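3D, please:
(one chain, ligands or ions: 1)
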Amino acid sequence: MSFKNLLKTSLFGFPLESCLMNASGVHCTTETELNILLDTNIGALVTKSCTLEFREGNPLPRYADIPKGSINSMGLPNNGLRYYLNFLEENELNNNKLSVLSIAGLNKNENIELLKLANTCKAVRIIELNLSCPNIAGKPQTGYDFDASNVLLQEAFDLCQKPIAVKLPPYFDESHFESMASVLKKFPLAYVCCVNSIGNALWIDANTNSTVIKPKSGFGGLGGMYIKPTALANVRKFYTLLEGVDIVGCGGIQHGLDVYEHILCGASVVQIGTTLWQEGIACFERIGNELIEIMQQKGYTDINQFKGKLKEIQL
Ligand code: RRO
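Numbers count the residues shown, from 1 in each chain. Okay, the predicted model is just below:
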């Protein structure tokens, strides 16, 4: 057996060669970037969240590396739905990866239009509905409004026969985990991805007394190591509250050990954002090998042997 087999998993019944994939927004906006991902040792890929039409996004600089992560206020720059449907159609038959379409309408009506169009495209296998873009001035994140999430999901499942997944913002309060879980339980979701960046963070450069990104007065989504504990808590909470639903972990994955911890909390697959941005596609091979080494040390031959098996400390 090849060691690579250790990374095998499945997502909504789709068998995947690896539990690693990109996070939407990183290395997936252009066809060139997406084609490179197709040639990479990952199990699935997801396209940049899209709107109906091309969007330029927010003014530059809108992304900054910071000591243990990143801050961004990209503002949903994307090439429009048709572009990503074309990519999926062109690659429908010639790849062995699950390609996921991410959508992020600026309002409910746009999300409904996106879903209607995606529903008619044979090449769309899973739609990741982004309920958590933190970077559009004046547009609150749908995932923080439980009633609006419920209404949107109800309409989405009424009109769309394709499998639908959600990308959630991070939650920080017990009651919010429960409120969102009670909404999500009503729908046969393909997966739940926890978490998007922590919105509206502010990183400053004290040398210049200024913000490090320009749009939204320097406020943006925080990613990287800063958010791993929050991401793990969200993965764990939704794994336990939504029994049987696949959880995709995202947040703070830099090493194989971070993937191991996400899986221990219940993730079936993990998405890598900041590290992919900073290191490029080589991160998948490195992180995969690090995870294999941990699994071998612990005697695991399959991620299902430790998935969700986090224990409470015993004194
Ligand atoms: O494009 C963005 O500003 C963005 C999006 Br859509 C998202 O979902 N998460 C993020 O950190 N940035």
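
export stretch 72-86 as PDB, just CAs?
What follows is stretch 72-86, C-alpha atoms only, in PDB (Å, rounded to 0.1, in the frame of the first residue of the first chain):
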ATOM      1  CA  ASN A  72      -7.500  40.400   3.700                       C
ATOM      2  CA  SER A  73     -10.200  42.600   2.400                       C
ATOM      3  CA  MET A  74     -10.300  41.400  -1.100                       C
ATOM      4  CA  GLY A  75     -13.900  42.300  -1.700                       C
ATOM      5  CA  LEU A  76     -15.000  39.300  -3.700                       C
ATOM      6  CA  PRO A  77     -12.900  39.800  -6.900                       C
ATOM      7  CA  ASN A  78     -14.000  37.200  -9.300                       C
ATOM      8  CA  ASN A  79     -14.600  36.400 -13.000                       C
ATOM      9  CA  GLY A  80     -18.400  35.900 -12.700                       C
ATOM     10  CA  LEU A  81     -20.300  32.600 -12.600                       C
ATOM     11  CA  ARG A  82     -20.100  31.800 -16.300                       C
ATOM     12  CA  TYR A  83     -16.300  31.700 -16.200                       C
ATOM     13  CA  TYR A  84     -16.300  29.100 -13.400                       C
ATOM     14  CA  LEU A  85     -19.000  27.000 -15.000                       C
ATOM     15  CA  ASN A  86     -16.900  27.000 -18.200                       C
END
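
Any stretches of the stretch 101-250 of the chain with poor pLDDT?
In the prediction, the stretch 101-250 of the chain carries no residues with pLDDT under 70.

So which residues of it form strands?
Counting by DSSP state E, counting those that start in this stretch, the stretch 101-250 of the chain forms strands over residues 126-130, 164-168, 192-194, 198-202, 204-205, 210-211, 219-224, 247-250, given from the N-terminal end onward.

how about these in a markdown table, adding mean neighbour count and distance to residue 230?
Placement of C-beta: from N, CA and C, glycine included. Supplementary listing: these in a markdown table, determined by neighbours: other C-beta atoms under 10 Å; distance: least, C-beta to C-beta, whole Å:
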| stretch | mean neighbour count | distance to residue 230 |
| --- | --- | --- |
| strand 126-130 | 25 | 18 |
| strand 164-168 | 24 | 12 |
| strand 192-194 | 30 | 9 |
| strand 198-202 | 18 | 6 |
| strand 204-205 | 12 | 21 |
| strand 210-211 | 15 | 22 |
| strand 219-224 | 25 | 9 |
| strand 247-250 | 30 | 11 |
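
residues from the chain in reach of the ligand?
Residues of the chain lying close to the ligand by C-beta under 6 Å from any ligand atom are 25, 49, 72-76, 104, 130, 132-135, 196-197, 221.

Can you say which of those residues are buried?
By the neighbour-count criterion of 16 or more other C-beta atoms under 10 Å, the residues of the chain next to the ligand include these buried positions: 25, 49, 72-76, 104, 130, 132-135, 196-197, 221.

Give me the nearest residue to the residue in the stretch 201-315 of the chain that the ligand sits nearest to, chain neighbours excluded.
Among all residues of the stretch 201-315 of the chain, residue 221 sits closest to the ligand, at 3.2 Å; criterion: C-beta to the nearest ligand atom. Of all residues not flanking residue 221 in the chain, residue 197 sits nearest, at 2.8 Å (C-beta to C-beta, 6 or more residues apart in numbering).

Next, work out how far apart residue 243 and residue 167 are.
Distance from residue 243 to residue 167, counting by C-beta to C-beta, to the nearest Å: 20 Å.

oh sorry, the question was meant for residue 302
Applying C-beta to C-beta to residue 302 and residue 167 gives a distance of 26 Å.

what about residue 52, neighbour count?
As a burial measure, the neighbour count of residue 52 was computed by other C-beta atoms under 10 Å and equals 17.

contacting residues for the closest residue to residue 152 other than its chain neighbours?
Nearest residue to residue 152 in three dimensions, chain neighbours excluded: residue 108, at 5.5 Å (C-beta to C-beta, 6+ apart). Residue 108 makes contacts with 148, 151-152, 155, as judged by C-beta atoms under 8 Å, 6 or more residues apart in numbering.
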